[in-house]
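[1] Return atomic coordinates for the entry below.
(one chain, ligands or ions: 2)
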Amino acid sequence: MATGQTKSATTIRVNGFDHVPRPFLIGVGGGTASGKSSVCKKIMEQLGQNDIDDCKRQVIIVSQDCFYRELNKVEREKAFRGEFNFDHPDAFDDKLMYKTMQDIKDGKYVNIPAYDYKNHQRIQDKGQTVYPADVVLFEGILVFYYKELLEMFNMKLFVDTDSDTRLSRRVLRDMKERDRDLEVILHQYTTYVKPAFEDFCLPTKKFADVIIPRGADNTVAIDLIVQHIQELLRPRPESIPRRVRHQSDSIIQARPH
Ligand SMILES: Nc1ncnc2c1ncn2[C@@H]1O[C@H](COP(=O)(O)OP(=O)(O)O)[C@@H](O)[C@H]1O
Ligand SMILES: Nc1ccn([C@@H]2O[C@H](COP(=O)(O)O)[C@@H](O)[C@H]2O)c(=O)n1
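    Ligands and ions are numbered 1, 2, ... in the order given. Have a look, this model is predicted:
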């Protein structure tokens with residue numbers, strides 16, 4: 001399936017009615033390097049989802065970074081010098097992001113572009129196929145910034161890690177994984193990342209249902225969230241079984257929401 005393409009939702013027939021499974025969508029916001037991905041991975045792990053095939057998973061993670069918009073030549077040159085603002089809402093392809101998340105909500109199969117941080121661009125012809133799932137974790141710095149997205153979430157988490165810790169983690173990560181020079185990292189951070197965090201990310205903390213101090217280290221908070229998700233997804237006697245294809249081989253069973 002090519003990037004941006006979708007495949008219609010799978011309909012199941014229950015009590016004589018067509019029923020489209022719809023996932024429970026969880027937004028995970030927070031500043032750069034606050035631990036959003038790590039928190040999502042821990043949630044997946046605790047829900048017993050890590051060793052399951054992509055197409056059978058009931059919980060999946062989607063990163064907002066996959067929706068960075070394409071840059072023109074001048075913008076890419078700026079990006080290599082740490083002079084492009086990737087922390088501003090305009091840096092994202094908001095239309096593609098809304099459409100894709102709506103398709104996911106509607107239970108469709110979607111293809112999400114992969115993103116290359118080293119070259120500041122999408123990887124052509126390489127994307128992640130997202131299969132309909134029971135729980136979708138959508139993580140990113142600005143997941144709660146856009147009103148259209150905010151309204152789609154069933155649960156909103158904000159990972160709150162102090163800015164010194166985030167900066168030191170970001171420096172190490174960007175040098176190791178994103179092929180960046182220390183000088184460029186610090187220039188980008190002070191010029192764009194920090195001000196944009198204060199202007200666009202931090203004000204969205206008020207929308208969160210749960211604030212997670214210290215990110216993935218906060219095992220108590222993660223345990224509580226996992227328990228809550230399991231509780232929400234436990235079938236009630238009168239409920240329609242949303243997933244017929246692999247309910248037997250997983251610890252989670254879903255109910256309609
Ligand atoms: N609790 C932690 N202790 C130490 N390092 C951490 C912790 N949480 C995350 N990291 C590291 O910090 C970096 C950013 O974490 P990540 O979870 O990717 O954050 P985000 O998704 O918010 O950018 C990664 O290199 C990760 O390994
Ligand atoms: N080409 C890019 C794209 C994004 N960034 C930075 O990534 C940060 C968001 O990702 P996190 O995993 O840290 O949440 C964001 O702060 C951008 O500055 C980049 O440097 N280059």
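
[2] where does the residue nearest to His88 when sequence neighbours are not counted land on pLDDT?
    For His88, ignoring the flanking residues on the chain, the nearest one in space by C-beta to C-beta, 6 or more residues apart in numbering is Ala196 at 5.6 Å. C-beta here means a position set from N, CA and C on the backbone, and glycine is covered the same way. Model confidence at Ala196, expressed as pLDDT, equals 98.

[3] secondary structure class for Ala196?
    For Ala196, the reduced secondary structure class is helix; criterion used: DSSP: H, G, I helix; E, B strand; the rest coil.

[4] So which residues of the stretch 1-150 of the chain form strands?
    Here the stretch 1-150 of the chain has its strands, by DSSP state E, counting those that start in this stretch, at 6-7, 12-14, 17-19, 24-30, 59-63, 109-116, 121-130, 135-139.

[5] Pick the most deeply packed of those strands.
    Across these, the average number of neighbours (mean count of other C-beta atoms under 10 Å) peaks for strand 24-30, which reaches a mean of 26.

[6] related to what we said a few turns ago, export the strands of the stretch 1-150 of the chain to TSV and tack on mean pLDDT and distance to Thr191?
    Output for those, formatted as TSV (pLDDT from 0 to 100; distance: least, C-beta to C-beta, whole Å):
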stretch	mean pLDDT	distance to Thr191
strand 6-7	62	37
strand 12-14	54	51
strand 17-19	60	51
strand 24-30	96	21
strand 59-63	92	24
strand 109-116	92	22
strand 121-130	84	21
strand 135-139	95	24
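
[7] Pull up the residues of the stretch 101-250 of the chain that are close to ligand 2.
    Proximity of the stretch 101-250 of the chain to ligand 2 is assessed by C-beta under 6 Å from any ligand atom, with Tyr117, His120, Ile141, Val193 identified as the residues in range.

[8] Mind putting the strands of the stretch 1-150 of the chain into a markdown table with distance to Cys201?
    Written out in a markdown table, the entries for the strands of the stretch 1-150 of the chain read as follows (distance: least, C-beta to C-beta, whole Å):
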| stretch | distance to Cys201 |
| --- | --- |
| strand 6-7 | 29 |
| strand 12-14 | 39 |
| strand 17-19 | 37 |
| strand 24-30 | 7 |
| strand 59-63 | 15 |
| strand 109-116 | 19 |
| strand 121-130 | 23 |
| strand 135-139 | 13 |
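
[9] Out of those strands, which gets nearest to Lys156?
    strand 24-30 (4.7 Å; C-beta to C-beta).

[10] List the strands paired with the closest one, with their directions.
    Looking at strand 24-30 with DSSP bridges, its paired strands and their directions are strand 135-139 (parallel), strand 155-160 (parallel).

[11] just so I know, which of those strands lies nearest Ser34?
    For the strands paired with strand 24-30, distance to Ser34 was read as C-beta to C-beta. The smallest value, 4.4 Å, belongs to strand 155-160.

[12] So is the helix or strand following that closest one next to ligand 1?
    Proceeding C-terminally, strand 155-160 gives way to helix 163-177 as the next helix or strand, assigned by DSSP states H and E. Yes - using C-beta under 6 Å from any ligand atom, we find that helix 163-177 touches ligand 1 at Arg169, Arg173.

[13] try stretch 37-56
    Yes - judged by C-beta under 6 Å from any ligand atom, stretch 37-56 comes into contact with ligand 1 at Ser37, Ser38.

[14] residues of that stretch that come out buried?
    Buried residues in stretch 37-56, defined by neighbour count with 16 or more other C-beta atoms under 10 Å: Ser37, Ser38, Val39, Cys40, Lys41, Lys42, Ile43, Met44, Gln46, Leu47, Gln49, Ile52.

[15] So the fourth one sits against Phe138, correct?
    When you say that, I think you mean Cys40. No - distance between Cys40 and Phe138: 9.1 Å, which falls outside the contact criterion (C-beta atoms under 8 Å).

[16] Nice, that's everything, thank you.
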